[in-house]
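> Test case, fold it:
(chains A and B)
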Amino acid sequence: MGWFKRLKDGIQTATRNKKEAPEGLWYKCKECKETSTMKELKENFYKCPFCNHHVRIGSQDYFGLLFDGNFEELFGDLVSTDALEFVDLKPYPQRLEEAYRKTGLKDAISVAKGKVNKRPLVVAAMDFSFIGGSMGSVVGEKISLSIDHCVEEGIPLLIISKSGGARMMEASFSLMQMAKTAAKLTRLARARIPYFSLLTDPTTGGVTASYAMLGDINFSEPGALIGFAGPRVIKETIKKDLPEGFQTAEFLLEHGFLDFIVDRKDLKDRMSDLLAIFDSKSAAASAGS
Amino acid sequence: MVFLEFEKPLEKLYEQLEKIKQVEEEGIVDVSDTIKELENKIKNTRKEIYASLTGWQRVQLSRHPERPYTLYYINQMCRKFVELHGDRYFKDDTAIVGGLANLDGQSVVIIGHQKGVNTKMRQFRNFGMANPEGYRKALRLMKLAERFDFPVITLIDTPGAFPGLEAEERGQAEAIARNLFEMAQLKVPIVCVIIGEGASGGAIGIGLGDRVYMLENTWYSVISPESCSSILWHSWDYKERAADALKLTAEDMFNAGLIDGIIKEPTGGAHAIPDEMAKLLKRQIKKALAEVQEMPPDERIDARINKYAAMGVYERITPNPVE
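Down below sits the predicted model:
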């Protein structure tokens, strides 16, 4: 027997141990161009230590930021299929393969159940790195299953959106995910289970126009781009430059579509406060004891 | 008559027919046989062309300048249509019309995108591209229908929700999302028909229902073939291929299980015999209403949500033992 015989086949790193945050030792901020170390960036909740720019992070990073240690990933066995045999410059299966390889993820959303300051929460978080965070059948189904799970177990739901919109390669199927997710959310509402929608940079298109805008509470991170049409399309339509700050989280807050903007360092505390307020039963119980 | 690119053989035949008719008017030669022959040829050629249309050709037909629009159908199908205006928050959107109507003795609420019939009206209707107030007007009318137990009929024909500055300011995304959420749980029956273009969020924003149909020569997808070409091929020149790739025709959508049926159009398209088209449309709407009206509201809502919940294609893989 050789010394280096591989005992287990395949990649053994759990998805949760893979990180989307920029690799390497140094981080140069896209906004202020200042350089900091990756360690500093990480310790600062993936925000630039100089200008507080919130760096785009992935689902696993959010799980790490929100949950008290352990969490359980749900519905990780769903993957996309090429139902329409869609070919543009590349066949869709090839795009999927490349996304699997690049991200180590199975689709543009991951769902996990864990505890936030001891209160249970199901978090469905999107990954922009997976085909632009686009919503296809898998994203729709995972949200649908998350809603069922939350209704069955009476656990609140947080969806962290980060998406360019519907996945064109699944064409009409991805369009129908707008109707599917919105329709399923009515069941969560009827069960009186709170739904929190965190819209992160960027959230546009069919995702904004379905579940992302339907939270009992809609909130965002500073500077996030949020809209229906993309800025380029709007610019082409009106043939003028867009005003400064258009379609930012701050713009949406001003126009009444967000409840608040939260700095990422306060995200867990804010979620924890909200969970405590909505969890009136256990709040009443602990007050009575 | 307006001829589309793929109707060129027809155009030539019509030209010949015109000439011969002139000869007939002169009354010197008897050409009645030739005319008959030509008319037959036109009929057969039209049948031939329309028997196998590509996706892109159907997209062109769905945008035919002579195609009937929502108000035409409403006036053909209903007696006593009372148009209602405004979302009660901001203004009246002219790209979506709606109101109360009488459909063979039954009170209904009808809502639809409206395109303009000439250059001036096209601008007035914003080319059928609604703003948030259009979706909110639609929702107001649906809520009115719910209160008085009237079924809702929506007719969809839009190149997309308007991508403008003010539309974003007033929450285009929220307006569409809210409609989906409310339509999913509306207590009265909803029947939707794509009568022209079904472009993405702008279409589905009034398109969630117990029954959804498409006219034969319409399209419904997540993006227009032109925009799809520009994004995925980085050029506007691949619209035909994009139209094929998107599988956006009524037949594709029905085969994928995403719509409930196809309403046949007269040969030559809806605009060839518009009143015939209106009759076919009305017949299908009434049939659909009869089907879904029998169900108790709770059951109907459940069935509606379950129908959409089942939409999507994916696979399950054996989970990695480590995870």
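> Helices of the stretch 151-300 of chain B, start to end?
Taking DSSP state H, counting those that start in this stretch as the criterion, the stretch 151-300 of chain B carries its helices at B:165-169, B:172-184, B:200-204, B:225-232, B:239-246, B:250-255, B:274-293, B:297-309.
> residues contacting residue A:110?
By Cβ atoms under 8 Å, 6 or more residues apart in numbering or on different chains, the residues touching residue A:110 are A:15, A:59-60, A:63, A:73, A:76, A:124-125, A:127. For every residue, glycine as well, the C-beta is placed using N, CA and C.
> ah, wrong one, I meant residue A:245
By Cβ under 8 Å, 6+ apart, the residues touching residue A:245 are residue A:251.
> Close to chain A: what parts of the stretch 1-150 of chain B are there?
Residues of the stretch 1-150 of chain B lying near chain A by Cβ under 8 Å from any Cβ of the partner chain: none.
> follow-up on the earlier one: can you say which of the helices of the stretch 151-300 of chain B is packed in most?
Comparing these on average neighbours per residue, with mean count of other Cβ atoms under 10 Å in any protein chain shown, the densest one is helix B:200-204 at a mean of 29.
> which helices and strands does it pack with?
If you count contacts as 3 or more Cβ pairs under 8 Å, 6 or more residues apart in numbering or on different chains; DSSP states H and E, helix B:200-204 packs onto helix A:171-190, helix A:205-208, strand B:152-158, helix B:172-184, strand B:190-199.
> Out of those, which gets nearest to residue A:115?
Closest approach to residue A:115 among the helices and strands packed on helix B:200-204 (Cβ to Cβ): helix A:171-190, 19.7 Å.
> on that earlier part again, out of the helices and strands packed on helix B:200-204, which is closest to residue B:309?
Residue B:309 sits nearest to helix A:171-190 of all these, at 5.9 Å, using Cβ to Cβ.
> That closest one near chain B anywhere?
Yes - residues of helix A:171-190 contacting chain B under Cβ under 8 Å from any Cβ: A:171-180, A:182-187, A:190.
> Can you flag the buried ones in those residues?
Neighbour counting by 16 or more other Cβ atoms under 10 Å in any protein chain shown classes A:171-180, A:182-187 among the residues of helix A:171-190 next to chain B as buried.
> Run through who's touching stretch B:267-283.
Applying Cβ under 8 Å, 6+ apart, the contact partners of stretch B:267-283 are B:46-47, B:50, B:61, B:64, B:66-68, B:72-73, B:76-77, B:103, B:193, B:195, B:215, B:217, B:263-266.
> now do 6 Å
Applying Cβ atoms under 6 Å, 6 or more residues apart in numbering or on different chains, the contact partners of stretch B:267-283 are B:46-47, B:50, B:61, B:64, B:66-68, B:73, B:76-77, B:217, B:263, B:266.
> starting at the chain centroid, how far to it?
Computed by Cα atoms, centre = their mean, to the nearest Å, the chain-centroid distance of stretch B:267-283 equals 13 Å.
> Could you do stretch B:44-57 as well?
Chain-centre distance of stretch B:44-57: 19 Å, with Cα atoms, centre = their mean.
> Quick check: phi and psi on residue 260?
Went with chain A since none was named. phi -170, psi 170 (degrees, to the nearest 10).
> other chain: chain B
Per-residue torsions, residue B:260: phi -90, psi -10 (degrees, to the nearest 10).
> what sits against the nearest residue to it once chain neighbours are set aside?
For residue B:260, ignoring the flanking residues on the chain, the nearest one in space by Cβ to Cβ, 6 or more residues apart in numbering or on different chains is residue B:211 at 4.7 Å. By Cβ under 6 Å, 6+ apart, residue B:211 lies in contact with B:191, B:260, B:288.
> out of these, who's nearest residue B:11?
Looking across the contacts of residue B:211 and measuring by Cβ to Cβ, the closest to residue B:11 is residue B:260, at 35.9 Å.
> could you measure the closest one against chain A, distance?
13 Å (Cβ to the nearest Cβ, to the nearest Å).
> nearest to residue B:232, of the helices and strands packed on helix B:200-204?
helix A:171-190 (11.1 Å).
> Just the C-alphas of that closest one, formatted as PDB.
What follows is helix A:171-190, C-alpha atoms only, in PDB (Å, rounded to 0.1, in the frame of the first residue of the first chain):
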ATOM      1  CA  ALA A 171     -36.400  32.000 -19.600                       C
ATOM      2  CA  SER A 172     -40.000  31.500 -18.900                       C
ATOM      3  CA  PHE A 173     -39.300  29.200 -16.000                       C
ATOM      4  CA  SER A 174     -37.400  31.900 -14.200                       C
ATOM      5  CA  LEU A 175     -40.100  34.500 -14.900                       C
ATOM      6  CA  MET A 176     -42.600  32.200 -13.200                       C
ATOM      7  CA  GLN A 177     -40.400  32.100 -10.100                       C
ATOM      8  CA  MET A 178     -41.600  35.700  -9.500                       C
ATOM      9  CA  ALA A 179     -45.200  34.400  -9.300                       C
ATOM     10  CA  LYS A 180     -44.200  31.300  -7.400                       C
ATOM     11  CA  THR A 181     -42.200  33.000  -4.600                       C
ATOM     12  CA  ALA A 182     -44.800  35.800  -4.200                       C
ATOM     13  CA  ALA A 183     -47.700  33.300  -4.100                       C
ATOM     14  CA  LYS A 184     -45.900  31.100  -1.500                       C
ATOM     15  CA  LEU A 185     -45.100  34.200   0.700                       C
ATOM     16  CA  THR A 186     -48.900  34.600   1.100                       C
ATOM     17  CA  ARG A 187     -48.800  31.300   3.000                       C
ATOM     18  CA  LEU A 188     -46.100  32.600   5.300                       C
ATOM     19  CA  ALA A 189     -48.200  35.700   5.900                       C
ATOM     20  CA  ARG A 190     -51.300  33.700   6.600                       C
END
